[in-house]
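Colleague: just need the structure, nothing else, for what follows:
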Amino acid sequence: MPKHIDSIQLTVDKLDTKLDKISERLNSVDVTLAQQHESLKIHIRRTELLEEKLEPVEKHVAMMSGALKLVGILGLIAGIFEGISVTLEFLGR
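Modeller: Numbering: from 1, shown residues only. Have a look, this model is predicted:
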């Protein structure tokens, strides 16, 4: 074979080897991506379960917050009436 054909064949062989390496890397990336996808599905499911468990707690916190606001408002109203009562009593002497 002529020398330039040997050189071309050598270049083609090198390119073929490099393409094989690239293909192996892509296969490795595909495997990693599939594993990460499965891990993400598990994580999403766990997150959904935790959110479901947290829902009653959030409702309870909202209810208690409302109850405390009501107690505060009732205390304010009682304080106003007490102030009026004391003032009227003071003026009535």
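Colleague: which helix or which strand is home to the spatially most central residue of the chain?
Modeller: Centroid-nearest residue in the chain: residue 47, 7.9 Å away (criterion: CA atoms, centre = their mean). For residue 47, the element it lies in under DSSP states H and E is helix 3-92.
Colleague: pLDDT of that helix, averaged?
Modeller: For helix 3-92, the mean pLDDT works out to 93.
Colleague: for that helix, packing partners?
Modeller: Contacting helix 3-92 under the criterion 3 or more CB pairs under 8 Å, 6 or more residues apart in numbering; DSSP states H and E is no other helix or strand. (Glycine included, C-beta is placed from N, CA and C.)
Colleague: check the offset of it from the chain's centre.
Modeller: Taking CA atoms, centre = their mean, to the nearest Å, one finds the center of helix 3-92 at 1 Å from the center of the full chain.
Colleague: next one: residue 6 relative to residue 13, how far apart?
Modeller: For residue 6, the distance to residue 13 (CB to CB, to the nearest Å) stands at 10 Å.
Colleague: for residue 79, grab the count of nearby residues.
Modeller: Residues lying near residue 79 (other CB atoms under 10 Å) number 10.
Colleague: give me the neighbour count for residue 81.
Modeller: The local packing count at residue 81 equals 10, with neighbours defined by other CB under 10 Å.
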